[in-house]
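Pasting the sequence and the predicted coordinates here, then a few questions.
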Amino acid sequence: MRTSDLQFNIIYTPGTVRYLSPFVPTLLHWSDCRYRLVANGCTDEECLLLSNIVALDDRLELLIMPEKRMLPHGETLDFLHARTDSDYFCFMDSAILAVGALLDDFRDDLACADVFSSCLPLWHNEGDITIPNYFRHMHGIHAYTNDGQTIACDYFVVYDNKAFVEARAATGVGLKVCAWQDLSTENKQIIREMGQQRCDYDSGKVLTMLMAARGARIRYKQSDKLKHIGGFTEVGASKSTLLYSRGKLDKLANLLPGGLGRTMIHVADVYYALTRGAKENSRRENIALASRIRRRTVTARYFYLLIVGLMDDNALPKVPVLGDRVAEQQLATVTEEIRNIVSQVRSQPGPWRDVEPVATSPA
């Protein structure tokens, strides 16, 4: 594989282009890959900004989705794959920045993988990566099953296109979110034999498992050279308060120092999971989801307000309490990286200089 042959699709949604597109120069600097910037339901002003960014480098191209409305992520990926005729189909989250040679850590895995994935969000912890037996829902952050099968995450993905096309033709499954009842009888049997019958599956999960059942080589690996904010598109790109607060316990946790605050936020997760969690889920799944949704939302809104503050000279937020010391340190480190990125794009001639903020509707 020549990494210069890889073209990553990066999908932008309304309200995110001004604040996430400054990450593109980091990808160009730290790789020889090509990048297709995809406008999914973006405004005319945002499409113009993307067009001006694409003009900066011949490794960039722009694709504006034909519909004015924003399509679901999986449908957008299927649309993009239908327009891919290269040996590889690649995509990555728009909230990813590079801080080093981003493919160096992946070369061995890419050379032997039919599906390669990476780049779990900053807020994740080790308990998020492996899906437990008691989960009814398989999410994008799950990279392994409890018996050690690799099912890949869906944030930074490289497919061998030949293996992808063959599996899709054989199974009839694409990259959309799938519910169990949507699967064919044959596909249900395969997934059931893998021990992975769930209520629903995030983008690409079913296809990846069916590819694995057909003998495809699935790989997942993290790298410190890629940093993924996570959740920015759905949560952060709305002008809202910094802290995701479910009630008084959350507010108290954010007032308490250090370890006390972390302990209280875990107590809050349990309380809100038991009192507000979906009745169909197990207690353990609701507690895990309460923690994950909180960490994701708080992180996304923190970085939204940070980048808005840096781009528009607004007040800057404090690093929030996540209940995880490692994740909080990750947030602090990436904060400094983003400060440097925004300072560079604002101080040099280019498309981000003197661009007016794009109005977004509150969530």
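Happy to help now that I have it. Note that this is a predicted model, so its numbers are computed, not measured. Numbers count the residues shown, from 1 in each chain.

which secondary structure elements does the longest helix anywhere in the chain contact?
Among the segments of the chain that qualify as a helix by DSSP state H, the longest is helix 283-312. On a contact count with 3 or more CB pairs under 8 Å, 6 or more residues apart in numbering; DSSP states H and E, helix 283-312 meets helix 17-20, helix 126-129, helix 258-276, helix 325-347. (Glycine included, C-beta is placed from N, CA and C.)

what do you get if the cut-off is 6 Å, keeping everything else the same?
Counting contacts by 3 or more CB pairs under 6 Å, 6 or more residues apart in numbering; DSSP states H and E, helix 283-312 is packed against helix 258-276.

List the buried residues for the helix it packs on?
Buried positions in helix 258-276, judged by neighbour count with 16 or more other CB atoms under 10 Å: 261-262, 264-265, 268-273.

Can you pick out the most distant pair from those residues?
G261 and A273 (18.7 Å; CB to CB).

Mind jotting down where the helices sit in the protein?
In the chain, the helices defined using DSSP H lie at 17-20, 24-29, 44-54, 73-82, 107-112, 126-129, 161-171, 185-193, 205-213, 248-255, 258-276, 283-312, 325-347.

Now do the contacts for L316.
G309 (CB atoms under 6 Å, 6 or more residues apart in numbering).

distance of it from F91?
Distance of L316 to F91, given as CB to CB, to the nearest Å: 31 Å.

got it, and S31?
Counting by CB to CB - S31 and F91 are separated by 15 Å.

next one: L20
From L20 to F91 the distance is 15 Å (CB to CB).

In terms of neighbours, single out the busier of S31 and F91.
F91 (27 against 20; other CB atoms under 10 Å).

Please tell me the pLDDT value assigned to the more buried one.
pLDDT for F91: 97.

what's the answer for S4, then?
Value for S4, per-residue pLDDT: 91.

Could I get the contacting residues of it?
By CB under 6 Å, 6+ apart, the contact list for S4 reads D32.

please redo it, this time with the cut-off set to 8 Å
32-34 (CB atoms under 8 Å, 6 or more residues apart in numbering).

what comes up buried for the longest helix of the chain?
Buried-residue list, helix 283-312, by 16+ other CB under 10 Å: 285-308, 310-311.

Outline the domain layout of the chain.
If you go by automatic domain parsing, the domain ranges for the chain are 3-227, 239-328.

To Q348, which of those lies closest?
Comparing those under CB to CB, the one sitting nearest is domain 3-227, at 9.8 Å.

Quote the end-to-end distance of the closest one.
19 Å (CA to CA, to the nearest Å).

my guess is R214 meets V173, correct?
No: judged on CB atoms under 8 Å, R214 makes no contact with V173 at a distance of 11.5 Å.

Between these two, tell me which one has more neighbours.
V173 (22 against 14).

My read is that the more buried one contacts M209, right?
No: here V173 does not reach M209: they are 9.4 Å apart, not a contact under CB under 8 Å.

Look at I129 and say how many residues are nearby.
15.

still on that earlier bit, just the buried ones from the contacts of S4?
Among the contacts of S4, those classed as buried by neighbour count (16+ other CB under 10 Å) are 33-34.

Now, the contacts of S4 that are in strands?
R34 (DSSP state E).

L120: which of the contacts of S4 is nearest?
Nearest to L120 among the contacts of S4, counting by CB to CB, is C33 at 20.0 Å.

circling back: residues shared between the contacts of R214 and V173?
By CB under 8 Å, 6+ apart, the residues touching both R214 and V173 are A167.

got any ranges where the chain has weak pLDDT?
235-244, 354-363 (pLDDT under 70).

switch to 50 and redo it
The chain contains residues with pLDDT under 50 at 241, 360-363.

Find the residue at the geometric middle of it.
Y155 (4.3 Å; CA atoms, centre = their mean).

My read is that that residue contacts H228, right?
Yes: between Y155 and H228 there is a contact at 5.7 Å, judged by CB under 8 Å.

Quick check: neighbours shared by the two?
Common contact partners of Y155 and H228 (CB under 8 Å, 6+ apart): 93, 96, 119-121.

Most neighbours among the residues you listed, which one?
P121 (26 neighbours).

Contacts only, for that one.
P121 touches 141, 155, 228-231, 296, 299, counting by CB under 8 Å, 6+ apart.

swap in A212?
Listed by CB under 8 Å, 6+ apart, the contact partners of A212 are 149-151, 194, 218.

how does it look with 10 Å?
A212 sits next to 114-115, 145, 149-152, 167, 190, 194, 218 when contact means CB atoms under 10 Å, 6 or more residues apart in numbering.

How about G74?
G74 touches 154, 174-178, 202-204, 207, counting by CB under 10 Å, 6+ apart.

Next, format these as a markdown table and append neighbour count and distance to A82.
Formatted as a markdown table, the contacts of G74 follow (neighbours: other CB atoms under 10 Å; distance: CB to CB, whole Å):
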| residue | neighbour count | distance to A82 |
| --- | --- | --- |
| D154 | 25 | 18 |
| G174 | 19 | 9 |
| L175 | 28 | 11 |
| K176 | 19 | 13 |
| V177 | 17 | 18 |
| C178 | 23 | 18 |
| D202 | 21 | 20 |
| S203 | 24 | 15 |
| G204 | 30 | 15 |
| L207 | 26 | 14 |
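
Out of the residues you listed, which comes closest to L77?
For the contacts of G74, the nearest to L77 is L175 (4.2 Å; CB to CB).

Settle this for me: that closest one is touching H73, isn't it.
Yes: between L175 and H73 there is a contact under CB atoms under 10 Å: 8.3 Å.
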